[in-house]
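Visitor: just need the structure, nothing else, for what follows:
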Amino acid sequence: MRRCDGRVAVITGAAGGIGSALARELANRGCHLALVDMNAQALEETQARLASPAIEISRHVVDVTDREG
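Guide: Numbering: from 1, shown residues only. As a prediction, the model looks like this:
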């Protein structure tokens, strides 16, 4: 992957597994992050691990499988 300084990546399933690993990699490449998951506590922990003054991170507790929500 190339640098993505200043761009924003939206990552669903960001609280664990592949989503968390992808968030870490994109943060290392300079992306700001919008982290999405339905597990609020794990999402908060992921954000804390990725915290950096150079990266803006927002958290969104959402179940993307719920069309009504």
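Visitor: list of residues touching the host helix or strand of V36?
Guide: Under the criterion of DSSP states H and E, V36 resides in strand 32-37. With CB atoms under 8 Å, 6 or more residues apart in numbering as the test, strand 32-37 has contacts from 6-16, 19, 23, 26-27, 43, 46-47, 50, 55-62, 64. Every residue, glycine included, has its C-beta placed from N, CA and C.
Visitor: can you check stretch 8-28 too?
Guide: 1, 4, 31-37, 39, 42-43, 45-46, 49-50, 52, 55, 57, 64.
Visitor: quick check on these: which are buried?
Guide: C31, H32, L33, A34, L35, V36, D37, L43, T46, L50, I57 (16 or more other CB atoms under 10 Å).
Visitor: chain center to stretch 18-27, what's the gap?
Guide: 7 Å (CA atoms, centre = their mean, to the nearest Å).
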